[in-house]
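Asker: I would like to see how this sequence folds:
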Amino acid sequence: LMAEDSAEKRKFWEQAAKIEPRYSQACFQLGRLFFEEEQFGEAAAWLRRVQSGDSHYWQASFLLGLALLETRDAKGSVVAFDRVFRELPLPEVANN
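Answerer: Just a heads-up that it's a prediction; the model follows:
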C-alpha cells in the first residue's frame, strides 16, 4: 500500500493475488491499476474476479463496464452496468 509507483504497486498486488487467488482486494487494485494504464483487457480480467461481498464490488463492476466498452465488448459492458444500475441507479451509470 505504501509503494509509490504503479509498477511497484502492481508487483505487490500480483504477489498477494498469487498467494491467495480469491483475495478480492488484490483483484480490485490490479484491475484499477491496469485501467489507469489503459490496459483495458487486463483490467477487465482482474475486475471480473472481485467478489460481490467486497467493499469495492460496485466500483469494480462500474470500471469493468468501462473497460469492456474500451475493448468493444458492448454486451458485456451492458451486463456490468445493468448489475450496478439495479443497486445504484445513478446518472453516471445510466449515461454509460
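
Asker: quick check: closest non-adjacent residue to the residue most central in space within the chain.
Answerer: Computing the C-alpha centroid of the chain and ranking residues by Cα atoms, centre = their mean puts Leu47 first, at 3.1 Å. Take Leu47 and drop its neighbours on the chain: the residue closest to it by Cβ to Cβ, 6 or more residues apart in numbering is Gly31, 3.6 Å away. Where you see a C-beta, it was placed from the backbone N, CA and C, and this is true even at glycine.

Asker: pretty sure that neighbour contacts Ser61?
Answerer: No. With contact defined as Cβ atoms under 8 Å, Gly31 does not reach Ser61; the gap is 10.4 Å.

Asker: who touches both of the two?
Answerer: A shared contact of Gly31 and Ser61, defined by Cβ atoms under 8 Å, 6 or more residues apart in numbering, is any residue touching both; here these are Leu47, Val50.

Asker: among the two, which residue is more densely surrounded?
Answerer: For Gly31 versus Ser61, the count of surrounding residues by other Cβ atoms under 10 Å is larger for Gly31: 26 against 23.

Asker: ok, the more buried one to Pro89 distance?
Answerer: 23 Å (Cβ to Cβ, to the nearest Å).

Asker: go on, Ala67?
Answerer: As for Ala67, its distance to Pro89 is 21 Å (criterion: Cβ to Cβ).

Asker: repeat that for Ala16.
Answerer: The spacing between Ala16 and Pro89, counted by Cβ to Cβ, is 33 Å.

Asker: higher neighbour count, those two?
Answerer: For Ala16 versus Pro89, the count of surrounding residues by other Cβ under 10 Å is larger for Ala16: 16 against 9.

Asker: buried sites along whichever helix or strand the more buried one is part of?
Answerer: Assessed by DSSP states H and E, Ala16 sits inside helix 6-19. Of the residues in helix 6-19, those buried under the neighbour-count criterion (16 or more other Cβ atoms under 10 Å) are Lys9, Arg10, Trp13, Ala16, Ala17.
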